[in-house]
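1. Sequence and predicted structure, then a few things I'm wondering about:
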Amino acid sequence: MNVARERVYIDADILIIGGGTAGCLAAYEARQVGGDDLKIVILEKAFIRNSGALSAGMNALNMYLNQGTPEDLVSYIRYDMCGAPVREDILLSVAELVNETVAMMEQEGLPIKKKPDGSYLNRGKWNIEINGSLLKPITANMAIKTRARVYNRVHVTDLIKVDDQVGGCVGFGVRDGKFYVARGKVVMVCAGGAAGIWRPRGQGDAHHRIWYYPFNTGGSYAMCKRAGAKMLGFDSRLVPVRTKDTYSATGTLAIGMGAPMVNAQGEAFMQEREEYIKMGGHTAPTPIRVLAYCREMENHRGPCYMDTTRGDPERVEGLKAQYLDMAPCLVLYWGCNDINPAREPIEIDAADPSIVGAHAACAGAWTIGNSRMTTVERLFVSGDALGGAPSRFISGTWTCGRLAGRSMVGYLKERRPELLGLDPAMVDALEAGVFAPLERFNRCSFYTNGDPMDGVSPGQMEARMQNIMEEYCGGRSRWFYVNETNLGIARKLINRLRREQLQYLVAADLHDLQLAWDVINRLDVCQLVVEHIDYRKETRYPGYVNRTDYPGVDEEYDCFITSEWDPNTDTLSFFREPYEQIVPGDRKCQTL
Amino acid sequence: MPPYVIPDKCDGCQGERVPMCEVVCPGNLMVIDKASGKAVCREPGDCWDCMTCTKSCARQAIQTRIQYQMAFFPGKLIPLVGTHSVTWTLIDCHGHVERFIMRTLAGEEDEET
């Protein structure tokens, strides 16, 4: 087959990879400060109005100042990460603007629940309740109305690097099969975090019934890593303890109605057991609450529940409705399991870990000051791709996207960068790489059932990867425990997959080619995870990563740990960046 | 809750270049079966249960079913989308019916609310 593949060339001032929570608001804000002539392009893997982690909706915004100051919020976020270093400069910039962003989104049509006095209905100190089933269309509208040029169904596979700068990206049309070559004077990666690294609890037709959005497959991290950006936080994976089977969010239960976690004996263990009271009790940091749940289960005091019968009766009555705005499957699950959440406790379970930067974990690219630019010139990040600044959630990610938009416009005005010229031979090589799994399939012979004799499908490789990570990198079936021996095996096997086995990866069609790139990217994330967990010879986030060989905290690691990938040796070099405490006070306490 | 398409209701969005469920699916999972001209989820296990396709179908031809490994049969959850709200009908596995009207957009209320 020698027919030349059709190419689409795109040039932009600002090129945004990922039309999600951060990307849409970055486009909006860039237009506000950059003017009408700015050419803003968004490349979106799915359909921008309905794609991404917001696709099912959400019933709360988990970053909002109902009281206190931005400093108080940063103090809370730091506390919630067990006092570990966080990028306080970034978090403060977001906290200062988040309430304004929320007010703006309400104007755009987002229904925010109100108290009788007209103020927002708060859920605890830092959250407000919404009717968020249309969160994504409302968010996408910000990009559409600002006349960003949106290309839907374009799967970006790699950044284009010219010398030491990023000048664009390549990818393929998921539906049209075309080769896309996009250039930007600046490029922003905001393509979500990484789900599906570890083996999920559900199998077969439920293997995607996981907490995090399964189509966020680590492209953000993999592309930034491969471009040589410094990365951090891959040792702070998020372990979601959520409703059993459906893994729906539990903030609605815990913060919304004050339902405590209880064990099989009905003991509200966070408040009643001395060992957990010492670690913060009911309001202990997120990783600690995961740890406590796991300990109860390991010590045979499970099953565990969120006890809604001890919650606020008024709010418990409306529970099904609240979940319809965010996790409708849980409502049907209750209906088909004879569960009345107002009358009985809701069983919980720990899910497969997720790699995220905008929820309660720190994964992502290292950024310079408050610029949102990575250590690679012209390459910006936001949303889950931005590391070291956890717990921004949806409202903080909108805001963070806005700030990234402003920063990119500032960079354009100040530095006046031109589009970079691309060597045609390099573009040809990139094209060959993008479509390689498809081309290999075309050369295969086939068994009688239609399976290729000469290759491995994306699904097969994903299963192998998930088994390795599950068993040797502390999956849920291992209670999130790791040690050096396990990590060594994980490293050996993941490296073998990455270095020797990818040549066998085949894709039958364009959808399969997406899945193939999902595996390639996830394997890059696996490398980051294994090496970062191994480098941190301590347990700073108990519950998220429990190192049996280094169970304590070591002051030597009280800093940011970053890594940079060397393409020649396929290894990571590690660096330590000093932690700057801006908000004064004991990091293991909240100021409010 | 992967989507299953009811053949008598789906008309493949006749006349549309790309049928609505295929347009919206975040996972690129909904496709038109060439032989029947009707929509099908190419891999139910890959679905995240966001229900966007179900809500978007003008003919209410898509039913989302909860995975049997997690819950008993039969039971249904049916969304009816209005301009500013969505009306959900939950029919549990014993046939009991509950209805919920949820606001989706700020602004004027729907006539049905």
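-> Here it is on my side, so go on.
2. Would you tell me what the next helix or strand after the lengthiest helix in chain A is?
-> As assigned by DSSP state H, the longest helix anywhere in chain A is helix A:510-535. Next in sequence after helix A:510-535, counting helices and strands by DSSP states H and E, comes strand A:546-547.
3. That following strand pairs with which strands, and in what direction?
-> Its sheet considered, strand A:546-547 pairs with strand A:481-482 (parallel) by DSSP bridges.
4. average pLDDT across the strand it pairs with?
-> On average, the pLDDT along strand A:481-482 is 98.
5. for that strand, the distance to its chain's centre please.
-> Remark: strand A:481-482 is offset 22 Å from the chain centroid, using Cα atoms, centre = their mean, to the nearest Å.
6. And for stretch A:372-390?
-> 13 Å.
7. got the CA positions of the lowest-mean-pLDDT helix or strand in chain A in CSV?
-> Sorted by mean pLDDT, DSSP states H and E, the helices and strands of chain A end with helix A:313-317, the least confident at a mean of 82. What follows is helix A:313-317, C-alpha atoms only, in CSV (Å, rounded to 0.1, in the frame of the first residue of the first chain):
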residue,chain,number,x,y,z
PRO,A,313,-31.1,13.1,57.7
GLU,A,314,-32.3,15.9,55.4
ARG,A,315,-29.4,15.5,53.1
VAL,A,316,-29.4,11.7,53.1
GLU,A,317,-32.9,11.8,51.6
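8. who touches it?
-> A:G256, A:M257, A:A259, A:T308, A:T309, A:P341, A:A342 (Cβ atoms under 8 Å, 6 or more residues apart in numbering or on different chains). Placement of C-beta: from N, CA and C, glycine included.
9. what helices or strands is the longest helix of chain A leaning on?
-> strand A:154-162, strand A:165-173, helix A:219-226, helix A:424-442, helix A:458-472, helix A:484-496, strand A:560-566, strand A:571-577 (3 or more Cβ pairs under 8 Å, 6 or more residues apart in numbering or on different chains; DSSP states H and E).
10. need the next SSE after the second one, C-terminal direction.
-> In this case it means strand A:165-173. Past strand A:165-173, the next helix or strand by DSSP H and E is strand A:179-189.
11. Send me that following strand as PDB with only the CA atoms.
-> Output in PDB follows, covering the C-alpha atoms of strand A:179-189 (Å, rounded to 0.1, in the frame of the first residue of the first chain):
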ATOM      1  CA  PHE A 179      -1.800  12.500   9.700                       C
ATOM      2  CA  TYR A 180      -1.900  15.800  11.700                       C
ATOM      3  CA  VAL A 181       1.100  18.100  11.900                       C
ATOM      4  CA  ALA A 182       0.400  21.100  14.200                       C
ATOM      5  CA  ARG A 183       2.700  23.900  15.000                       C
ATOM      6  CA  GLY A 184       2.300  26.500  17.700                       C
ATOM      7  CA  LYS A 185       4.400  29.400  18.800                       C
ATOM      8  CA  VAL A 186       3.600  28.000  22.300                       C
ATOM      9  CA  VAL A 187       2.200  24.600  23.000                       C
ATOM     10  CA  MET A 188       0.200  23.600  26.100                       C
ATOM     11  CA  VAL A 189      -0.300  20.000  27.200                       C
END
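12. on that earlier part again, what pLDDT, on average, does the longest helix of chain A get?
-> Mean predicted lDDT for helix A:510-535 stands at 98.
13. From the chain's centroid, how far away is that helix?
-> Taking the mean of its C-alpha atoms, helix A:510-535 sits 14 Å from the chain's own mean (Cα atoms, centre = their mean).
14. quick one: which of the helices and strands packed on helix A:510-535 is nearest A:T591?
-> Of all these, it is strand A:560-566 that lies closest to A:T591, at 22.3 Å by Cβ to Cβ.
15. could you check the distance from A:L110 over to A:N99?
-> A:L110 sits 14 Å away from A:N99, going by Cβ to Cβ, to the nearest Å.
16. just to revisit the earlier point, just the buried ones out of the contacts of helix A:313-317, please.
-> The neighbour-count criterion (16 or more other Cβ atoms under 10 Å in any protein chain shown) marks A:G256, A:M257, A:A259, A:T308, A:P341 among the contacts of helix A:313-317 as buried.
17. could these be laid out in TSV, adding pLDDT?
-> Listed next are those as TSV, based on pLDDT from 0 to 100:
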residue	pLDDT
A:G256	87
A:M257	88
A:A259	93
A:T308	93
A:P341	90
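18. any idea where the helices of chain B begin and end?
-> Using DSSP H, helices in chain B cover B:20-24, B:52-56.
19. looking at those helices, which is buried most?
-> Each of the helices of chain B was scored by mean neighbour count; the highest is helix B:52-56, a mean of 24, by mean count of other Cβ atoms under 10 Å in any protein chain shown.
20. ok, it near chain A or not?
-> Yes - where contact is defined by Cβ under 8 Å from any Cβ of the partner chain, part of helix B:52-56 touches chain A, namely B:T52, B:S56.
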